[in-house]
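Colleague: kindly generate the corresponding structure for this input.
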Amino acid sequence: MKAFLAKYKRLNWKLLALLTITLVYIGMIVIMVSDDKSPIHYGGDYLAFWSAGKIADEISYSEIYDLEKLKIVQVSELKLLGFLESGSENKFAPLPAPYFSFFVVPFQLLSRISVSAGYWLWNLLNLCVLLGYLNFFCRRVLLSSNTQFSTVTYLVLVIASFPVFDNFLNGQVNILMLVCLGEYVRNATLKKPLISGIWLAGLLLKPQLLIIIIPIILFTRSWKTFFWFSIASTTIIGTSFILSGVTGNISLIKLWLGYGIVIPSAAPEAMINWRMIGVYLNSLLASNYFGWIIAGIGSVITILAVLPIMRRFPISASSECVITITGVFSATLAVTWHSHHHMALVLIPLLIYLSAYTLLSEKI
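Modeller: Residues are numbered from 1 along each chain as shown. Here you go, the predicted model:
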């Protein structure tokens, strides 16, 4: 018995837990991919991006936000794949790609291959970028830290995290934002406002992530960072305007407004923010306003919670300011109007950095 207990204590339970989680994810993927009797269980977001790319390639970038055209493309493709029966297209809600057309260009190329092959190719490319970038990020950060963890440990933790799994399951685009936020933070701590500002502009892919950090940059008078952020942002928005024109960009704005009200694929009940809580409270209490009052109060408290962190760790060129930036983006995910599980993976470089410099406890 003593020998058994000794072996029991020597087991690496953390590693076993991570391996178990990973096996559960693999099992979920196998089940979803092998199920040919149900609608798409995976790759729904990629279908939206692929469809926008196909419209851009075959018609015009000004039409990539047109829900009727997206529906025609998506219904046709889903029928071809056997996921949609004839006659059921009237109930089908099209999946839009609500991004500046600057970010749709890669999907114009991917639309020239089948959506199924494109989905797996897209995920393979994203996996290579994720592992390659985090390997680079960890090596740079760990060089000047005293952490007991290795790069491999961090990569295992990343792969086993649900936001990463959810990102690949849906064929999402958040890996680019992870890289942009990671490089913004890394260069900000190295006193490189030019490069950090340019990388921060990459978050325009999902501009709702900028609603707190930009006011804070202005409030802290980080003028150089803001200047280069503005230059890069102008380039992205200007290119998008050239591609989609006035008509296309007006459609994009209408699409953004619709995500707050009428776009079914917004799925607020599946979000990770105060909006989700408001939706459920209204439903449970049969109310049209009580949930929104609670969500509003919660959002204000969440934003105010960042202020004491800022006072203790002001945003400057130091490792400790990463605590504030992590708080800012954690709060952003909670209060912004559109925030799903997969978007939380942008926090990964921040958490790695804080862990490496022991600015947060090992348990956190």
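Colleague: okay, CA-based contacts and neighbour counts for the rest of this
Modeller: Fine.
Colleague: which stretches of the stretch 1-150 of the chain form helices?
Modeller: In chain order, the stretch 1-150 of the chain shows helices spanning 2-10, 13-34, 44-58, 67-81, 105-110, 115-143, with DSSP state H, counting those that start in this stretch as the criterion.
Colleague: let me know the angle separating the fourth one from helix 115-143.
Modeller: The reference is to helix 67-81. Going by axes from the mean of the first three to the mean of the last three C-alpha atoms, to 10 degrees, helix 67-81 is angled at 100 degrees with respect to helix 115-143.
Colleague: now swap in the third one and tell me
Modeller: Angle, helix 44-58 to helix 115-143, by the same axes, to 10 degrees: 110 degrees.
Colleague: what about Val141, distance to Glu63?
Modeller: Distance, Val141 to Glu63, by C-alpha to C-alpha, to the nearest Å: 43 Å.
Colleague: do Thr324 as well
Modeller: When distances are taken as C-alpha to C-alpha, Thr324 and Glu63 turn out to be 40 Å apart.
Colleague: give the buried residues for the longest helix along the chain.
Modeller: Secondary structure of the chain read by DSSP state H shows that its longest helix is helix 223-259. Burial within helix 223-259, assessed by neighbour count using 16 or more other C-alpha atoms under 10 Å, is assigned to 225-226, 228-230, 232-233, 236-237, 239-241, 243-245, 248-249, 251-252, 255, 259.
Colleague: which stretches of this protein have low pLDDT?
Modeller: In the predicted model of the chain, residues 1-11, 35-41, 87-88, 144, 259-265, 317, 362-364 satisfy pLDDT under 70.
Colleague: in it, which residue is closest to the centre?
Modeller: For the chain, the residue lying nearest the average C-alpha position, counting by C-alpha atoms, centre = their mean, turns out to be Met343 (2.7 Å).
Colleague: find the nearest non-adjacent residue to that residue, please.
Modeller: What sits nearest to Met343 in space, not counting adjacent residues and going by C-alpha to C-alpha, 6 or more residues apart in numbering, is Asn174, at 6.2 Å.
Colleague: mind listing what that neighbour touches?
Modeller: Shown in contact with Asn174 (C-alpha atoms under 8 Å, 6 or more residues apart in numbering): 167, 342-343, 345-346.
Colleague: can you check Val152 too?
Modeller: Residues in contact with Val152 (C-alpha under 8 Å, 6+ apart): none are found.
Colleague: now the host helix or strand of it: how far from the chain's centre is it?
Modeller: When elements are assigned from DSSP states H and E, Val152 belongs to helix 151-159. Relative to its parent chain, helix 151-159 has a centroid offset of 19 Å by C-alpha atoms, centre = their mean, to the nearest Å.
Colleague: now the angle between helix 13-34 and that helix, please.
Modeller: Angle, helix 151-159 to helix 13-34, by the same axes, to 10 degrees: 50 degrees.
Colleague: quick check: buried residues in helix 151-159?
Modeller: Buried residues in helix 151-159, counted by 16+ other C-alpha under 10 Å: 151, 154-155, 157-159.
Colleague: swap in stretch 176-192?
Modeller: Using 16+ other C-alpha under 10 Å as the burial criterion, the residues of stretch 176-192 that qualify are 176-189, 192.
Colleague: in terms of secondary structure, what does the longest helix of the chain contact?
Modeller: Packed against helix 223-259, as judged by 3 or more C-alpha pairs under 8 Å, 6 or more residues apart in numbering; DSSP states H and E, are the following elements: helix 193-200, helix 213-219.
Colleague: following element in sequence after it, please.
Modeller: Moving toward the C-terminus from helix 223-259, the first helix or strand encountered (DSSP H and E) is helix 274-285.
Colleague: next, the buried residues of that next one.
Modeller: By 16+ other C-alpha under 10 Å, the buried positions in helix 274-285 come out as 274-282.
Colleague: other residues contacting the very next helix or strand once past it?
Modeller: Per DSSP H and E, helix 274-285 leads on to helix 290-304 as the next helix or strand towards the C-terminus. The set of residues that contact helix 290-304 without belonging to it, under C-alpha under 8 Å, 6+ apart, is 274-275, 277-282, 331, 334-335.
Colleague: change it to 10 Å
Modeller: Contact partners of helix 290-304, identified using C-alpha atoms under 10 Å, 6 or more residues apart in numbering, comprise 212, 273-285, 289, 305, 327-328, 330-332, 334-336.
Colleague: contacts only, for Phe241.
Modeller: Neighbouring residues of Phe241 by C-alpha under 10 Å, 6+ apart: 61-62, 100-102, 235, 247-249.
Colleague: what's the separation between it and Ala97?
Modeller: For Phe241, the distance to Ala97 under the criterion C-alpha to C-alpha works out to 16 Å.
Colleague: Thr326 now?
Modeller: Using C-alpha to C-alpha, one obtains 27 Å as the distance from Thr326 to Ala97.
Colleague: okay, these two: which has more neighbours?
Modeller: Higher neighbour count among Thr326 and Ala97: Ala97, with 25 against 21, using other C-alpha atoms under 10 Å.
Colleague: thought that one was touching Leu47?
Modeller: Yes: in this structure Ala97 lies within contact range of Leu47 using C-alpha atoms under 10 Å: 9.2 Å.
Colleague: kindly point out which residues are neighbours of both of these two.
Modeller: Taking C-alpha under 10 Å, 6+ apart as the contact rule, the neighbours common to Ala97 and Leu47 are 53, 70.
Colleague: specify the local secondary structure of the spatially closest residue to Gly182 that is not a sequence neighbour.
Modeller: Of all residues not flanking Gly182 in the chain, Pro349 sits nearest, at 5.2 Å (C-alpha to C-alpha, 6+ apart). Taken by DSSP: H, G, I helix; E, B strand; the rest coil, the conformation at Pro349 corresponds to helix.
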